[in-house]
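> Fold the following, please.
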Amino acid sequence: MKQEHKVIVGLTLAWLLLYVLGNNFLVITDPVEGNYAETAREMLAAGDYFSPQIYGNYWYDKPIMFYLELIAAFKLFGLSDFSARFFPAIMSWCGIMLTYWTGKRFYNQRTGLYAAVLMMLSLEYWYLGHAVITDMTLFIAESVSLIGFYIAYTEKNVKWYYAAFAASGIAVLTKGPIGLCLPGLIIMLFLLWQRDFKFLFNRHTLGGFVLFFAVVSLWYVPMYLQHGSDFILTFLGVHNVLRATVSEHPRDDVWYYYTLIFMAGFFPWSFVFVPAKIRQWFKKRPCLPQMPRERFLLLWAVTVFVVFQSFATKYVSYTFPYMIPVALLMVSWFQQHTKFFTRMAGAMAVTYVALLFLVAAPIMHERSAHDIAVMVKPHLTADTQVYCFNCGEPASFAFYTETIPRRLESRERINAKKNKEISWDAKNVMSLTAYDEVSDDSPVMVITGGNNYEALKKAIPGQWQSLGAAGEYQVYYRPAAK
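Predicted coordinates for the structure are as follows:
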């Protein structure tokens, strides 16, 4: 077997162990994973593979790409935890292979292998390779876009230029305008540093944008024609502009947020590499890279970090697109310490397997409505009214029970929510029911958080019985009036 094939087989076997084994034990958690899984389930049930919908309402949180991946997995394997995590796992393999291939093309095979192993065994990559969210797909699309541009720039190969624009289009179909704006900013800053801005002024740039708009128009144009201003205001207004300008979680909007994410995300490597580089800088004053390759990788990593640090809303996964350049820039130090790197890689592989079964799986059960859904399924009938009370929007409950609940609110709060300006409330799309609208003529099931029984009895009188509690949730049941 050729050396190349041995490397690919070895990386794939490691991926199977670290990113596929045990996925059937990882239940869907709330709120984020549940939203994606339930949206895809409802789209599949409705036979509508175009307009995302959740709780029976259209849902403009993210574009179509990741939902289509989930739908494809559900059609292949049925509704299950394994199928929901199938494409994030597949995309994680693509990312590992892309890192290896890029390192080999930019440097040599050894660098590509070290970078792929380093990234595969980094905590953030391991986490997002299992998570039912869009970020792994976005990571692949944006990385291909940037790598394609650099190859086109250095090798004068226009095919890669068009591949870069097409990949950027897929990124925009995955998470919105950031799929074009972020790679575009990195490319412009790189050309500015190179003093070669004229590279953009050629006929292939125009052709590339034509290809880009052809890709994104497959979904955005029909969505606008079908849903009009509701789609534009919610998707662009709330999930893009508001996200950049108003913090969804103000406690996280601190200047050191992504520094901590970098250290934790590249664990364990960052805890060795960063102190080593600091010591090296004290001995020898660092200088800016002179080679285009290192300039491009450095700008790629730093720009991602600075852009998202500037955003008001911060999430753990936002800086994920810098993983490939950071891994490639890190490995030169680890290549000088081969035995240490190999031992650490082996130790982390064992650690991650243990972490999945002993830590991740139990914690995810605590943050999911899976167990409570299993308890109450025998009590669900076609005429059962299902409601949520003081517990947000537990999408995992809807996913596992295959029901569409409504949220209980007082009539005063329902009226107060009407005609409000664009805000984070737009993310809550579950239909509302006033307490006095709950019918006595059919059974009622209410999922709620802990310690809400007295409040529930006060809001909706009746003979309530507990069906059980698990994780963050408890379910109460009231039979139909005789």
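> CA atoms for contacts and neighbours, from now on please.
Noted.
> quick one: buried residues of stretch 383-397?
Residues 384-389, 391, 393-397 are the ones in stretch 383-397 that count as buried (16 or more other C-alpha atoms under 10 Å).
> Can you tell me the element residue 100 falls in?
Residue 100 belongs to helix 86-106 when assigned by DSSP states H and E.
> Outside of that helix itself, which residues are in contact with it?
Contacts to helix 86-106, defined as C-alpha atoms under 8 Å, 6 or more residues apart in numbering, come from residues 8, 11-12, 15, 19-20, 69-70, 73, 109-117, 119-120, 125, 128-133, 136-137, 139-140, 147, 293, 324, 328.
> Quick check on those: which are buried?
Judged by 16+ other C-alpha under 10 Å, buried ones among those: 8, 11-12, 15, 19-20, 69-70, 73, 109, 111-117, 119-120, 125, 128-133, 136-137, 139-140, 147, 324, 328.
> Among those residues, name the ones in strands.
Among the buried ones among the contacts of helix 86-106, no member falls in strands (DSSP state E).
> mind showing which ranges of the stretch 1-150 of the chain have poor pLDDT?
By pLDDT under 70, the low-scoring segments of the stretch 1-150 of the chain are 1.
> Among the buried residues of stretch 383-397, which one lies nearest to residue 273?
Taking C-alpha to C-alpha as the measure, residue 273 lies nearest residue 396 of these, at 39.2 Å.
> Check for me that the closest one belongs to a helix.
Yes. Under DSSP: H, G, I helix; E, B strand; the rest coil, residue 396 sits within a helix.
> Pull the contacting residues for it.
Shown in contact with residue 396 (C-alpha under 8 Å, 6+ apart): 28-31, 33-35, 37-38, 368-370.
> now, the most widely separated pair of those?
35 and 370 (13.8 Å).
> Compare the two and say which is more crowded by neighbours.
Taking residue 35 and residue 370 together and counting by other C-alpha atoms under 10 Å, residue 35 has the greater number of neighbours (26 against 23).
> That one contacts residue 392, correct?
No. Taking C-alpha atoms under 8 Å as the definition, residue 35 is not a contact partner of residue 392, at 11.9 Å.
> Count the residues that sit near residue 463.
12.
> pretty sure it is in contact with residue 478, am I right?
Yes. The criterion here is C-alpha under 8 Å, and residue 463 meets it with residue 478 at 5.9 Å.
> what comes up buried for stretch 475-482?
Here stretch 475-482 shows 475-480 as buried, counting by 16+ other C-alpha under 10 Å.
> need the strands for this protein, in chain order.
With strands called from DSSP E, the chain shows them at 53-54, 57-58, 385-389, 406-409, 432-434, 444-448, 465-470, 473-478.
> who are the neighbours of the last one, in terms of helices and strands?
Contact partners of strand 473-478 among helices and strands, from 3 or more C-alpha pairs under 8 Å, 6 or more residues apart in numbering; DSSP states H and E: helix 370-376, strand 444-448, strand 465-470.
> Mind checking those for the one nearest to residue 56?
Closest among those, once you apply C-alpha to C-alpha, is strand 444-448, at 18.0 Å.
> ok and that closest one relative to strand 465-470, angle-wise?
30 degrees (axes from the mean of the first three to the mean of the last three C-alpha atoms, to 10 degrees).
> Flag every buried residue along strand 444-448.
Applying 16+ other C-alpha under 10 Å to strand 444-448 flags 444-448 as buried.
> Make a markdown table from the residues you listed and add distance to residue 53 to it.
Shown next, in a markdown table, are the buried residues of strand 444-448 (distance: C-alpha to C-alpha, whole Å):
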| residue | distance to residue 53 |
| --- | --- |
| 444 | 24 |
| 445 | 23 |
| 446 | 22 |
| 447 | 21 |
| 448 | 23 |
